[in-house]
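>>> predicted model and sequence follow; I will ask about them next.
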Amino acid sequence: MPLPELARELAERYDVTVLTEQPDATAFLAQHGDAFEYVVTSAGVGLSADVVRALPRLRCVSSFGVGFDSLDKAALVAQGVRVGYTPGVLDACVADMAMGLLIDAARRISAGDRFVRAGQWSQGRFAATTRVSGKRMGILGMGRIGSQVAQRAHGFGMQIGYHNRHAVPDSPHTYHASLHSLAQWCDFLVITAAGGGATRHLVDADVLKALGPQGILVNVARGSVVDEQALVQALQDGTIAGAGLDVFEDEPHPLPALLAQDNVVLTPHMASGTHETRRAMADLVLHNLSQCIETGTLVEEVPWSAQAAATTNA
Ligand code: 8YV
C-alpha cells in the first residue's frame, strides 16, 4: 500500500484483506477469491489478469495513480469491472519534478553537491554548465501533466513544441507530427506520455541521435517509453549531453550502467511523492471507492473502463 494513512483509513471504513500479507496469495485467492467485490491497488503495484480472474464478483477497482498501464485491461473489461484512478491531482507536482530534473541535469546541481562534499572545491573551480532559460523544450505527450510542464517552461522564457498522436486543438504550442522532428528541434526533451504498448521504446537510438550532443532528456512518465540500453549508450558516447530520470524500465532496479554515469540525475519514482499530492490521491481513491460502492459509478474513471461501461449500458 503506497500510503500508510490510506491503508489505515481503508481498514477503519471497510472489511479489508491485504493480499500481499498472505503467505501464499495464489492459494488464498483460489480459496477466498469469490468473497471480494472491490480492490484498491496502485499504478506501481498494478493488477494482473490472474488476480482479476480469481475475483469473480469483482465490481470496481480504485487505483492510486494516474497511470493505468499496469492494470490488465483485457481481463478487467472482460469481467465488466469498472476502474477508477487519480488524474488531475498530481499534475503540478509531477511537472515541478520534471523542471527540477531538467535544471539539475543542465546546471549540474547534484554533481555540484557531490563536488562540494568531496572536498574538491578547494582544489579548483566547478566546470561551466548549460543554460536553461530561453531554450527550446520538446514535450512528448501534451496531456494534463505535459501542459503544466509547458506552463512552467513558458515562465523560463522557453519556446515549446510537442508531439502527440494528434495535435491538441487550440494548443498555443507547436505541434510536431513526428517525434524525430521534435527531438531535432528541441534542446530539452521531456517525456510526459502514458506508458503501455503504444508508447514502448518510442525514445530509441534514432530519437536520441536527433536530440543531439547538447540535448537533455527528462522522463517523469514511464521507463518503458525509453529504450534504456540505447539511452545508456547515448549517455556514454556523448550522443546526448545528459538526462534526468524519475522512472525506469525495471523499477526499483535501474541499470547499473546508468548509476555509473555522472551526466544523469536519478530519482526513485518520486514525482508525485509530496505530502500534499499523496493526500489528494488518497482522497480520490477513497472517493472513487465509496461512490462505486454506493452507485456503481466512479468520480474519475480510466478511459477504456468508461468506454466499456458506456457500450454495455447503451
Ligand atoms: C505513483 C505514478 O507514485 O500516478 C502514477 O501513475 O506513477 C505515481 O504517481 C505511483 O504509481 C504509486 O504507486
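Okay, I see it.
>>> where's Phe28, which helix or strand?
Taking DSSP states H and E as the criterion, Phe28 maps to helix 25-32.
>>> actually Ala11, sorry about that
helix 4-13.
>>> buried set for that helix?
Of all the residues in helix 4-13, those buried under the rule 16 or more other CB atoms under 10 Å are 6, 10. (Each C-beta comes from the backbone N, C-alpha and C, glycine too.)
>>> what helices or strands is the helix holding Phe28 leaning on?
helix 49-53 (3 or more CB pairs under 8 Å, 6 or more residues apart in numbering; DSSP states H and E).
>>> contact partners of the helix it packs on?
Under the criterion CB atoms under 8 Å, 6 or more residues apart in numbering, residues 19, 25-26, 29, 39, 58, 72, 74-76, 79, 81 lie in contact with helix 49-53.
>>> tell me which of these is nearest to the ligand?
The ligand lies nearest to Val39 out of those, by CB to the nearest ligand atom, at 14.3 Å.
>>> about what we covered before: please save the CA atoms from the helix holding Phe28 in CSV.
Taking Å, rounded to 0.1, in the frame of the first residue of the first chain, the C-alpha atoms of helix 25-32 are listed here in CSV:
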residue,chain,number,x,y,z
ALA,A,25,-1.5,-15.2,-2.4
THR,A,26,-2.5,-17.7,-5.2
ALA,A,27,-3.8,-20.3,-2.7
PHE,A,28,-5.6,-17.6,-0.8
LEU,A,29,-7.3,-16.3,-3.9
ALA,A,30,-8.3,-19.8,-5.0
GLN,A,31,-10.0,-20.4,-1.7
HIS,A,32,-11.5,-16.9,-0.9
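>>> so how far is it from its chain's centroid?
When C-alpha coordinates are averaged (CA atoms, centre = their mean, to the nearest Å), helix 25-32 and its chain have centres 31 Å apart.
>>> what strands line up against the next helix-or-strand element following that helix, and which way round?
Towards the C-terminus, the helix or strand next in line after helix 25-32, according to DSSP H and E, is strand 38-42. Strand 38-42 sits in its sheet next to strand 60-64 (parallel), going by DSSP bridges.
>>> not counting its own residues, what contacts the partner strand?
Applying CB under 8 Å, 6+ apart, the set of residues contacting strand 60-64 from outside is 2-3, 6, 37-43, 47, 71, 76, 81-86, 281-282, 285-286, 288-289, 292-293, 296, 298, 302.
>>> just the buried members of the residues you listed?
Restricting those to buried positions leaves 2-3, 6, 38-43, 47, 71, 76, 81-86, 281-282, 285-286, 288-289, 292, 298, 302, with burial counted as 16+ other CB under 10 Å.
>>> so which of the residues you listed sit within strands?
Applying DSSP state E to these, the entries found in strands are 38-42, 82-84.
>>> near the ligand, which of these show up?
With CB under 6 Å from any ligand atom as the criterion, those include Ser42 near the ligand.
>>> reformat the ones in strands among the buried ones among the contacts of strand 60-64 as TSV; add pLDDT.
As requested, those are arranged in TSV below (pLDDT from 0 to 100):
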residue	pLDDT
Tyr38	98
Val39	98
Val40	98
Thr41	97
Ser42	97
Arg82	97
Val83	98
Gly84	98
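>>> okay if I get the ones in strands among the buried ones among the contacts of strand 60-64 as a markdown table plus distance to Glu251?
Conversion of those to a markdown table gives the following (distance: CB to CB, whole Å):
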| residue | distance to Glu251 |
| --- | --- |
| Tyr38 | 26 |
| Val39 | 21 |
| Val40 | 20 |
| Thr41 | 16 |
| Ser42 | 12 |
| Arg82 | 27 |
| Val83 | 22 |
| Gly84 | 23 |
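>>> up against the ligand, what does this structure have?
2, 42-44, 64-67, 90, 269, 272-273.
>>> tell me which helix or strand the spatially most central residue of the chain sits in.
Central residue check for the chain by CA atoms, centre = their mean: the C-alpha nearest the mean position is that of Ala221, 3.2 Å away. Using DSSP H and E, no element contains Ala221; it sits outside every helix and strand.
>>> wait, doesn't it sit right on Gly196?
No: with contact defined as CB atoms under 8 Å, Ala221 does not count as touching Gly196 (10.5 Å).
>>> show me where the chain dips below the pLDDT cut-off.
Low-confidence segments of the chain, defined by pLDDT under 70, are located at 1-2, 314.
>>> do you have the helices of this protein handy? List them.
4-13, 25-32, 49-53, 73-78, 91-107, 109-117, 144-155, 179-185, 205-211, 228-236, 256-259, 275-295, 303-313 (DSSP state H).
>>> follow-up on the earlier one: which pair in the ones in strands among the buried ones among the contacts of strand 60-64 spans the largest distance?
Ser42 and Arg82 (17.2 Å; CB to CB).
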